[in-house]
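Asker: coords please:
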Amino acid sequence: MATTGRLLLPHDMYRRLQAPTAAAAASLFILAPHLHFQRPNAAAAAPEGYSNGRFGSVPACSEAIAALEETSAGEAKEKDCSVCLEAFEEESDKPMRKMPCCHAFHENCIFEWLQVSRLCPLCRFALPTQAEAEAGLWPLPTPGSGSGT
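Answerer: This is a model prediction of the structure:
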C-alpha cells in the first residue's frame, strides 16, 4: 500500500479496505445472475425440523407425550414449572406430568412445549419423534409407566 508521505491512521486504513475496487464491482456484476437469495424449493429440501419455521425444533411423538407419568407437587424436585414459571401448589387442581428425566411440569405446559420441541426444557432429554417411533427406534412407554423400563 503506497502512501503519499503521510501517516496512515487506523480509520484511513479501514476506509481503504472498505472502498470497493473496480475488480470487485465487476466480479459482483458477473456473479449476480448466479446468486440465489431465495430458493423456491428450499422448504422441500430442508431437513426435518427446519421446514416448520421453528429453527430446528422437532415435536415429540404424540404417543410419548401421552405416556408421560402423572405426578404431584409433593413428588416434584422443582418448586415451580420452568415453562410457565408458576409455583407448584399442592392443593392446585392443575395436573402435573413428569418427563423420563424426572423433571416435572404442569401438564398443559409440557404438552404444549413437546408439540413444538421434543427436548426437556431443563436438561434437553430427547423424547422420540414421530418418525423415530414409526421406525421402531425408540421403545415407547405405556401410559403411567414412566420411562418405559
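Asker: got any ranges where the protein has weak pLDDT?
Answerer: Low-confidence segments of the chain (pLDDT under 70): 1-56, 139-149.
Asker: ok, and for stretch 116-133, which residues are buried?
Answerer: Neighbour counts over stretch 116-133 (16 or more other Cβ atoms under 10 Å) mark 117-121, 126-130, 132-133 as buried. For every residue, glycine as well, the C-beta is placed using N, CA and C.
Asker: Quick check: the farthest pair among those residues?
Answerer: Within those, 121 and 133 form the most distant pair, 20.9 Å apart (Cβ to Cβ).
Asker: unless I'm mixing things up, residue 122 is touching residue 82, no?
Answerer: Yes - with contact defined as Cβ atoms under 8 Å, residue 122 counts as touching residue 82 (5.6 Å).
Asker: Now for the two: what residues contact both?
Answerer: With contacts defined as Cβ atoms under 8 Å, 6 or more residues apart in numbering, the residues adjacent to both residue 122 and residue 82 are residue 103.
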